[in-house]
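Engineer: sequence and predicted structure, then a few things I'm wondering about:
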Amino acid sequence: MSIMQYNGGSVVAMVGKDCVAIAADKRLGAQFMTVSTEFKKIFKASEKTFIGLAGLATDVLTLADRFRFKTNMYKMREERDVEPKTFAHMVSSTLYERRFGPYFVEPVIAGLGKDNKPFICSMDLIGCINFAKDFVVAGTAGPNLYGMCESLWEPDLEPEDLFETISQALLNAQDRDALSGWGAVVYVITPNEVICRSLKGRQD
């Protein structure tokens, strides 16, 4: 089994009309044994920017702390919140610094930039950025998520429709992946608010 699959877990982000959504499952495993059903994979970078980390759990926690430190330092120095695109390059350079002994994580970033323009991207474990205008996926259910998102996603979805679409995509994809599951958490980022909801999935 690949080290990227050892703890399991999946993350997906989607673009809507002046909004974005990011969702992740809750499972933490040690190969096929479930260790926790409440493992956090999505972290807040700024008021309108979130990062999801799929991969090795120890590196997920290490990088979450490191990115929190870097964004706080940025905010103190610049006296403003970090923009999603700026944050993406910060994440990319942090991963690339360690390219010869990499962090085993695949980040997914979602947020609203200037003029509330939606932004999403994903990366590999050494920080190569994949920008997208529709959706990005990471984790063990990645191939299943691509199929579900291709089927369900439409342009210019309103926040509630975007929530429904990303929820159905993730829940159905993780049902077909033994290393992801046990419910999910979904963040929908709009110009006025951030909506966070927990989903109950199959418990097997």
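Structural biologist: Arrived safely.

Engineer: now the residue nearest the centre of the chain: phi and psi?
Structural biologist: In the chain, the centroid-proximal residue (Cα atoms, centre = their mean) is Gly52; its distance is 2.7 Å. Here is the backbone geometry of Gly52 (degrees, to the nearest 10): phi -110, psi 140.

Engineer: show me what contacts it?
Structural biologist: Going by Cβ atoms under 8 Å, 6 or more residues apart in numbering, Gly52 touches 11-13, 22-24, 41-43, 107-110, 138. For every residue, glycine as well, the C-beta is placed using N, CA and C.

Engineer: and the residues you listed as a markdown table, adding secondary structure and pLDDT?
Structural biologist: Shown next, in a markdown table, are those (DSSP: H, G, I helix; E, B strand; the rest coil; pLDDT from 0 to 100):
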| residue | secondary structure | pLDDT |
| --- | --- | --- |
| Val11 | strand | 94 |
| Val12 | strand | 95 |
| Ala13 | strand | 95 |
| Ile22 | strand | 95 |
| Ala23 | strand | 95 |
| Ala24 | strand | 94 |
| Lys41 | coil | 93 |
| Ile42 | strand | 95 |
| Phe43 | strand | 95 |
| Pro107 | strand | 95 |
| Val108 | strand | 95 |
| Ile109 | strand | 95 |
| Ala110 | strand | 94 |
| Ala138 | strand | 93 |
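
Engineer: for those, work out which two are farthest apart.
Structural biologist: Farthest-apart pair in the contacts of Gly52 is Val12 and Phe43; separation 15.5 Å (Cβ to Cβ).

Engineer: all strands of the chain, in order?
Structural biologist: 10-15, 20-25, 28-30, 33-36, 42-46, 49-55, 105-112, 118-123, 129-132, 135-139, 184-189, 194-199 (DSSP state E).

Engineer: relative to the longest one, what are the paired strands and their orientations?
Structural biologist: Strands that pair with strand 105-112, judged by DSSP bridges, come out as strand 49-55 (antiparallel), strand 118-123 (antiparallel).

Engineer: ok, back up a step: can you redo the contacts of Gly52 as JSON lines with neighbour count and distance to Cys149?
Structural biologist: Listed next are these as JSON lines, based on neighbours: other Cβ atoms under 10 Å; distance: Cβ to Cβ, whole Å:
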{"residue": "Val11", "neighbour count": "31", "distance to Cys149": "12"}
{"residue": "Val12", "neighbour count": "33", "distance to Cys149": "7"}
{"residue": "Ala13", "neighbour count": "32", "distance to Cys149": "10"}
{"residue": "Ile22", "neighbour count": "26", "distance to Cys149": "13"}
{"residue": "Ala23", "neighbour count": "28", "distance to Cys149": "11"}
{"residue": "Ala24", "neighbour count": "28", "distance to Cys149": "14"}
{"residue": "Lys41", "neighbour count": "29", "distance to Cys149": "18"}
{"residue": "Ile42", "neighbour count": "21", "distance to Cys149": "17"}
{"residue": "Phe43", "neighbour count": "19", "distance to Cys149": "22"}
{"residue": "Pro107", "neighbour count": "30", "distance to Cys149": "18"}
{"residue": "Val108", "neighbour count": "29", "distance to Cys149": "12"}
{"residue": "Ile109", "neighbour count": "27", "distance to Cys149": "17"}
{"residue": "Ala110", "neighbour count": "32", "distance to Cys149": "14"}
{"residue": "Ala138", "neighbour count": "27", "distance to Cys149": "12"}
